[in-house]
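Visitor: Sequence and predicted structure below; questions after.
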Amino acid sequence: MNRMSLKDVGLAVLSGLMLTVSFAPINLDWIVWISLIPLLLSLRDKSSAIAFQLGLIAGLSHYLTLIYWIVVVLSYYGNLHPILTLGALLLLCLYLALYSALFALIWNSFKKDRLSSIWGAIVWVALEYARCHVMTGFPWCLLGYTQYLRLPLIQISDIAGVYGISFVIVLVNLVLFNTVLGARTKKKKSATLEIILTSFLIGFILIYGFHRAKVKAEMSSHGKGIRVVIVQGNIDQSIKWNPEFQEKTVALYTNLSVESGGFRPHLIIWPETAVPFYFQDNSPLSKEVSRVPEKTNSKLLFGSPAYIRDKNRIRYYNRAYIISEDRVFDYYDKVHLVPFGEYVPLKRYLPFVRRLVPAAGDFSPGQNPKPIGTPDLQIGVIICFEAIFPDISRNHATHGAQLLVNLTNDAWFGRTSAPYQHLSMAVFRCVENGLPMARAANTGISAIILASGEIVSESELFAREVLQKELNLNQSKTFYSQFGNVFAILLCAITILRLFWRLGKKRR
């Protein structure tokens, strides 16, 4: 029990690699349904300490191969030394691997209990929910995101969020393990009951999913129509903030927008910080931007940095404006900033710490996360990193958003897997809230996603493109948009209560 063999390490690593290939862009999503079994095999007859270590190894092999793109961001754009870059990646992966280590530790302690498969799935979701909130949260590629292309399956997200899909995936892994490989540690009646309950659950999810997908498809063909144009400028990140290229950037976006005039768009969307100067200063370039709605007879939504003078201090914001030919209707300031990219946590207490990506800016978070828009259209704007946090999109939906718009600049990621992973997570924000999304990315991947999660239009990566689509808007709040993550919170409460109960039992 106190020894770890090379075979055990190999099984843990295999689980981590199987998890990675289940995500975009490889998209071998079927593998995730058996991806935990090698790890579970390695945990047989192991002590708690060894189980924790094997869980940590599985997590490290997964996250090192999943978010390797951190190296590209920090070395190429952050100008960090390769050793510091690798160190930062390793520290982040070690932190994320702690969650899989905790799962292995907890599962190992009650794997012989009755209905242990269900308990294991509950614990996994509780840990995912914790990862979404601890230290500002980093819920990148939760397990459920592997299924973003399986539309009937993921419709249950409008009740349970992405956590509902994660729950089912882990449950299937554990039931398969207990049934086929873990029989000697399980009572036959308990294993049979787990199979029956899991089968009923999957059957319900699929029946519900096909029904909801059909309902959303019907809603997408009726309702208020709006013609949307997304302009992907494909501006190189290395010249994006160079003042010498600002005029060319505005001219590029303007020309592409005007060329779409024949489509008669209601709304034209440019990406995050597509206007790489302070639009609020009313400069000649700002006036050029303001002429786009006049030339196209539309509204223009775009990203631009902004500032507010606060006594002796200037606060900077990552902002999205929506304008017409003669006025600024509204704006939204990004509320969830990227740690060490857009701001430094605890900067007052850690003055020696610098931003890892100096070119990104030094921003303050927005204070009023609400939909913006015009008198006849309410838009829930989510800027870049915010698309991976379910609560932000849900807040917009709760306050009357009719359309989600994700403005992002994935140029930071280069030609890695990150832009594909980022898009896969945005799909769930649509399903959860029953709202379509227009996604404008500087270098890709721009997309138009229906309320069912179907990607109906998609750009190439690092290409100059214009997407055009007429969307029908229907406001019908989902269970998730009204009540939020009650499923995940309930499972967190159950996990905490059970752990306290076991601790009390051991003491007695």
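Guide: Thanks, I have it.
Visitor: how about the strands in the stretch 351-500 of the chain?
Guide: 372-374, 377-383, 403-408, 437-441, 447-449, 455-458, 465-473 (DSSP state E, counting those that start in this stretch).
Visitor: residues contacting the residue nearest to Val338 when sequence neighbours are not counted?
Guide: Sequence neighbours aside, Phe385 is the residue nearest to Val338 in space, at 5.1 Å (criterion: Cβ to Cβ, 6 or more residues apart in numbering). Just so you know, the C-beta spots here come from the backbone N, C-alpha and C atoms, and that holds for glycine as well. Contacts for Phe385 (Cβ atoms under 8 Å, 6 or more residues apart in numbering) come out as His336, Leu337, Val338.
Visitor: if I look at Phe385, how far off is His266?
Guide: Noted for Phe385: a distance of 28 Å to His266, by Cβ to Cβ, to the nearest Å.
Visitor: got it, and Leu54?
Guide: 55 Å.
Visitor: so Phe245 touches Ile239, yeah?
Guide: Yes: under the criterion of Cβ atoms under 8 Å, Phe245 makes contact with Ile239 at 4.8 Å.
Visitor: between those two, which one's more packed in?
Guide: Neighbour count, other Cβ atoms under 10 Å: between Phe245 and Ile239, Phe245 has more, with 16 against 13.
Visitor: Confirm the more buried one sits in a strand?
Guide: No: applying DSSP: H, G, I helix; E, B strand; the rest coil, one finds Phe245 to be helix, outside a strand.
Visitor: Kindly reformat the strands of the stretch 351-500 of the chain as JSON lines containing mean neighbour count.
Guide: As requested, these are arranged in JSON lines below (neighbours: other Cβ atoms under 10 Å):
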{"stretch": "strand 372-374", "mean neighbour count": "20"}
{"stretch": "strand 377-383", "mean neighbour count": "26"}
{"stretch": "strand 403-408", "mean neighbour count": "27"}
{"stretch": "strand 437-441", "mean neighbour count": "27"}
{"stretch": "strand 447-449", "mean neighbour count": "24"}
{"stretch": "strand 455-458", "mean neighbour count": "17"}
{"stretch": "strand 465-473", "mean neighbour count": "18"}
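Visitor: Lowest average pLDDT across these?
Guide: Of all the strands of the stretch 351-500 of the chain, mean pLDDT reaches its minimum on strand 372-374 (a mean of 88).
Visitor: Tell me which strands that one pairs with, and in which orientation.
Guide: In the sheet, strand 372-374 lines up against strand 377-383 (antiparallel) (DSSP bridges).
Visitor: Now render the strands of the stretch 351-500 of the chain as CSV, adding distance to Asn395.
Guide: Listed next are the strands of the stretch 351-500 of the chain as CSV, based on distance: least, Cβ to Cβ, whole Å:
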stretch, distance to Asn395
strand 372-374, 13
strand 377-383, 8
strand 403-408, 11
strand 437-441, 15
strand 447-449, 19
strand 455-458, 24
strand 465-473, 18
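Visitor: so which of those comes closest to Leu60?
Guide: Evaluated over the strands of the stretch 351-500 of the chain, closeness to Leu60 peaks at strand 403-408, with 28.1 Å, by Cβ to Cβ.
Visitor: hang on, isn't Ser15 packed against Ile34?
Guide: No: using Cβ under 8 Å, Ser15 is not in contact with Ile34; the gap is 9.6 Å.
Visitor: More neighbours: which of those two?
Guide: For the pair Ser15 and Ile34, the greater number of neighbours falls to Ser15 (29 against 16), based on other Cβ under 10 Å.
Visitor: Now that one. Nearest residue, chain neighbours left out?
Guide: Leu39 (3.8 Å).
Visitor: got it, and Ile449?
Guide: Counting by Cβ to Cβ, 6+ apart, the residue nearest Ile449 is Met437, at 4.5 Å.
Visitor: Please identify the buried residues of stretch 498-506?
Guide: For stretch 498-506, the neighbour count (16 or more other Cβ atoms under 10 Å) marks Arg498 as buried.
Visitor: Could you pull out the helices in the stretch 301-450 of the chain for me?
Guide: 390-398, 418-433 (DSSP state H, counting those that start in this stretch).
Visitor: Looking at the ones you listed, spot the one closest to Asp281.
Guide: helix 390-398 (28.1 Å).
Visitor: SS state for Pro152?
Guide: Assignment for Pro152 (three-state DSSP): helix.
Visitor: Check the gap between it and Ala24 for me.
Guide: Taken as Cβ to Cβ, the span from Pro152 to Ala24 is 19 Å.
Visitor: do Ala438 as well
Guide: To Ala24, Ala438 is 20 Å away according to Cβ to Cβ.
Visitor: same thing with Val338?
Guide: Distance from Val338 to Ala24, by Cβ to Cβ: 20 Å.
Visitor: ok, back up a step: in terms of packing, which of Leu54 and His266 has more residues around it?
Guide: Leu54 (27 against 19).
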